[in-house]
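Enquirer: what shape does this take:
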Amino acid sequence: MNDAPTSLPRGRILVVDDQRNMRATTALLLRAEGYTVLEAANGEEALTTLAAGVDLMLTDLKMEPMDGLTLLKKALEVAPRLQVIMMTAFGSIESAVEAMRQGAFDYVTKPFKEGELRYRVERALERARLQATVDMLAGEFNERHGLSALVGSSPAMRELTSRLVRVAQSDATVLVQGESGTGKELVARAVHAHSRRKDKAFVPVNCAAISETLLESELFGHAKGAFTGAVRARRGLVEEADGGTLFIDEVTETTPAFQSKLLRTLQDGEVRRVGESTSVRVDVRIVAATNRDIELEVQEKRFRQDLYYRLNVVTLRVPPLRERLEDVPALAKHFLERANARSPNPKRLSALAVEHLMGYGFPGNVRELENLVEQAAALAEGEELLPEDFPLRPSARVAVSGPVGAPPAPAPTDTSTRMPTLAESVEDAERRAIAQALERHGMDLGRVAEELAVSSTTLWRKMKRLNLRPLGGEQRD
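Expert: All right, here's what the predicted structure looks like:
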């Protein structure tokens with residue numbers, strides 16, 4: 001056994017078992033490993049103890065009056081980030097596997113060996129530490145560094161931040177892919193800020209913003225007299241980033257000749273200034289980004305395949321905002337708070353405005369939402385921002401023939417053989433009227449119902465029957 005000092009606890013563990021001897025023996029073993037250990041004799045006592053803050057819960061499966069599966073469910077409701085290891089007799093392994101399906105991290109069969117228990121506990125606590133790091137990135141870290149594009153708790157953003165934290169620890173080259181306006185540079189900055197290079201420079205360069213003739217000199221530097229106007233030698237951005245991170249944005253906008261030189265820098269860890277015959281060693285981490293389909297660029301011979309393989313060591317995909325509309329309220333609030341900090345007349349978001357924004361597809365992604373909020377904060381007359389303060393593009397809300405997301409319209413009936421019935425004509429007229437009203441009122445269902453002189457409940461029922469659905473929304477039952 002390790003003699004880890006108890007003055008430096010390595011994690012807080014709750015041991016739950018209705019057999020006193022088993023509970024005490026397990027707790028003693030874990031305390032000897034340096035963990036802070038709490039004990040509970042039953043499920044109710046365990047739920048009360050969780051309020052004290054626990055990283056990991058080890059619980060027996062067979063207990064009275066509350067069994068381990070019931071405790072697992074209730075514990076995760078109280079503490080969703082809690083790691084749980086189920087302790088079970090050999091004959092109850094199927095139940096332990098079921099517990100893992102319901103959210104437990106692992107299980108261990110009794111009687112267990114000390115080494116096995118230590119291993120499973122350390123794995124569970126490592127997962128807890130990683131999750132705490134991810135939460136920090138999505139919370140305090142965002143506030144500290146202004147990483148607005150990483151705001152959000154949708155599954156897509158949790159996956160991105162989790163993957164980002166893991167890759168940041170290494171020096172692996174990273175390729176960030178995503179549409180314009182999703183926040184690719186902010187992701188690159190987060191990678192740098194979580195790496196061992198965080199105290200060194202983060203140097204961004206946008207290949208699409210620099211002419212082809214200047215890009216090589218800008219990135220690699222040049223010798224005095226290398227070309228007209230080069231009155232002195234100059235270090236390039238690669239050398240400026242030595243020891244830190246170089247972010248190459250829109251890398252697919254470069255020429256094959258430039259790509260060849262970039263490839264050599266990646267392979268050799270050296271850079272040669274324009275007009276010089278000797279190379280300079282550099283220690284630079286590369287994070288590249290593109291909003292194009294880079295694999296298609298390779299297939300079409302517009303991007304070097306060998307460079308693609310060098311850049312695509314780890315890929316981080318930044319989801320478009322339309323794939324995480326549940327993050328719109330948090331993002332809108334974040335942008336409004338930032339706008340209010342610069343304004344003598346602070347505004348607040350109305351619930352109707354939030355619903356209005358969540359019914360929009362945001363073709364311009366997070367950048368478009370940011371611009372909409374800043375514009376509304378600057379121009380709105382009242383203190384509360386309403387749906388009309390957010391002018392949205394109709395084409396990104398509802399198609400003229402019906403809302404985006406609705407099932408395809410049925411094939412037209414051959415009128416030469418059958419005329420539409422009265423019911424079909426009425427249904428078609430209702431569909432057109434509702435779709436046009438939705439477009440006019442920007443998905444504000446309250447105003448649509450008012451214009452059509454029906455209740456909100458009746459409107460929802462008609463929309464469900466006619467297969468009309470707001471963009472990103474769900475139909476009510």
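
Enquirer: the strands in the stretch 251-400 of the chain, which residues?
Expert: Counting by DSSP state E, counting those that start in this stretch, the stretch 251-400 of the chain has these strands, from start to end: 270-271, 280-281, 285-290, 314-317, 348-349, 384-385, 398-399.

Enquirer: and if you look at the stretch 1-150 of the chain?
Expert: According to DSSP E, counting those that start in this stretch, the strands that the stretch 1-150 of the chain contains are 12-16, 36-40, 56-60, 83-89, 106-110.

Enquirer: which among those is found nearest to residue 69?
Expert: Taking Cβ to Cβ, strand 83-89 is the member of these nearest to residue 69, at 8.4 Å. From N, CA and C alone the C-beta is placed, and that goes for glycine too.

Enquirer: hey, which of the strands of the stretch 251-400 of the chain is tucked in deepest?
Expert: strand 285-290 (a mean of 25; mean count of other Cβ atoms under 10 Å).

Enquirer: out of the strands of the stretch 1-150 of the chain, flag the one nearest residue 208.
Expert: Nearest of these to residue 208, taken as Cβ to Cβ: strand 83-89 at 44.8 Å.

Enquirer: strand partners (parallel or antiparallel) of the closest one?
Expert: strand 56-60 (parallel), strand 106-110 (parallel) (DSSP bridges).

Enquirer: closest one to residue 296 among those strands?
Expert: Per Cβ to Cβ, nearest to residue 296 of the strands paired with strand 83-89: strand 106-110, 42.2 Å.

Enquirer: could you export the closest one as PDB, CA atoms only?
Expert: Written as PDB, here are the backbone C-alpha positions of strand 106-110 (Å, rounded to 0.1, in the frame of the first residue of the first chain):
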ATOM      1  CA  ASP A 106     -17.800   1.200 -13.300                       C
ATOM      2  CA  TYR A 107     -18.400  -1.800 -11.000                       C
ATOM      3  CA  VAL A 108     -16.300  -4.100  -8.900                       C
ATOM      4  CA  THR A 109     -17.300  -7.500  -7.600                       C
ATOM      5  CA  LYS A 110     -17.000  -8.500  -4.000                       C
END
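
Enquirer: all helices for the stretch 1-150 of the chain, in order.
Expert: Counting by DSSP state H, counting those that start in this stretch, the stretch 1-150 of the chain has helices at residues 20-32, 43-49, 68-78, 93-101, 114-138, 140-145.

Enquirer: give me the buried positions along stretch 203-210.
Expert: When burial is assessed from 16 or more other Cβ atoms under 10 Å, stretch 203-210 yields the following buried residues: 203-205, 207, 210.

Enquirer: closest one of the residues you listed to residue 294?
Expert: residue 207 (13.1 Å).

Enquirer: and that closest one, what is it in contact with?
Expert: Neighbour list for residue 207: 215, 248-251, 253-254 [criterion: Cβ atoms under 8 Å, 6 or more residues apart in numbering].

Enquirer: export the helices of the stretch 1-150 of the chain to JSON lines and append columns for mean pLDDT and mean neighbour count.
Expert: Listed next are the helices of the stretch 1-150 of the chain as JSON lines, based on pLDDT from 0 to 100; neighbours: other Cβ atoms under 10 Å:
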{"stretch": "helix 20-32", "mean pLDDT": "92", "mean neighbour count": "16"}
{"stretch": "helix 43-49", "mean pLDDT": "91", "mean neighbour count": "17"}
{"stretch": "helix 68-78", "mean pLDDT": "89", "mean neighbour count": "18"}
{"stretch": "helix 93-101", "mean pLDDT": "79", "mean neighbour count": "15"}
{"stretch": "helix 114-138", "mean pLDDT": "80", "mean neighbour count": "16"}
{"stretch": "helix 140-145", "mean pLDDT": "50", "mean neighbour count": "14"}
